[in-house]
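Student: This is a predicted model, with the sequence first.
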Amino acid sequence: MVNVYELARRRKSIRRYFSDPVPLEHVLYAIKTAMQAPSGANRQPWRFIIVDDPKVKSEIRRVAEEWERKLHESETIPGWFREWLRERGITWRKDFLTDAPYLIVVLANKRAPYARESVWLAVGYLLLALEEKGLASLTYTPTNPRAIARILWVPEQYTLETIIPVGLPRGDKVKEPRMSLEEAVYYNRWGSHG
């Protein structure tokens, strides 16, 4: 059995997928795992929509790309971010929204206390459970989440936090570097290394 650290260490964000089917049971397992996350006042503010209908995925992609194109062409993008996108070959095109066999749309109930924090804890669990099952994933937050939420008939009290494509990775990707423990951890006070 692989431990949690090993799952986290090997997990990476994947943008290219084979369209080959993967077991729905694995996706449901990951969602069941996500639902074990702690939440503010135990309100469990998460909801999940599994999308596998090609027409719905195409509509999500069309709307997402419309807004992404505006963002990528905007003069307001900071230079460092534009360079980061360029170095990684990330464009306004979002093939993964139609290529991946499943999209998991993750929603947060705005009326629940600490809804966003709780939902993102659940997303962390979800990503590790997908990794455990050998499935690739990505957390993609669209530029205009409400426009996509409307496609899915999501009530106003819920915000679309992220869309997670799920499937088998096409090609290999190197994991982005992580900072060292010494860079990230202080003892007792900021800046103190013990």
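Tutor: It's in.
Student: from memory Glu68 sits against Lys94, does it?
Tutor: Yes. If you go by C-beta atoms under 8 Å, Glu68 and Lys94 touch, sitting 6.4 Å apart. For glycine as for every other residue, the C-beta is placed from the backbone atoms N, C-alpha and C.
Student: helix, strand or coil for Ile77?
Tutor: Secondary structure, DSSP: H, G, I helix; E, B strand; the rest coil: Ile77 is coil.
Student: check contacts around it.
Tutor: Leu71 (C-beta atoms under 8 Å, 6 or more residues apart in numbering).
Student: try Leu97
Tutor: Contact analysis of Leu97 by C-beta under 8 Å, 6+ apart lists 57, 60-61, 64, 103, 140, 163, 165.
Student: ok, which stretches of the protein are strands?
Tutor: When assigned using DSSP state E, the strands of the chain occupy the ranges 46-51, 102-109, 136-137, 158-167.
Student: tell me the mean pLDDT over the shortest one?
Tutor: Going back to what we said before, that points to strand 136-137. Mean pLDDT, strand 136-137: 98.
Student: what's the answer for stretch 11-24, then?
Tutor: Here the average pLDDT along stretch 11-24 is 97.
Student: Okay, now that stretch: how far is its last residue from its first?
Tutor: 20 Å (C-alpha to C-alpha, to the nearest Å).
Student: Before I go, just wanted to say thanks for your time.
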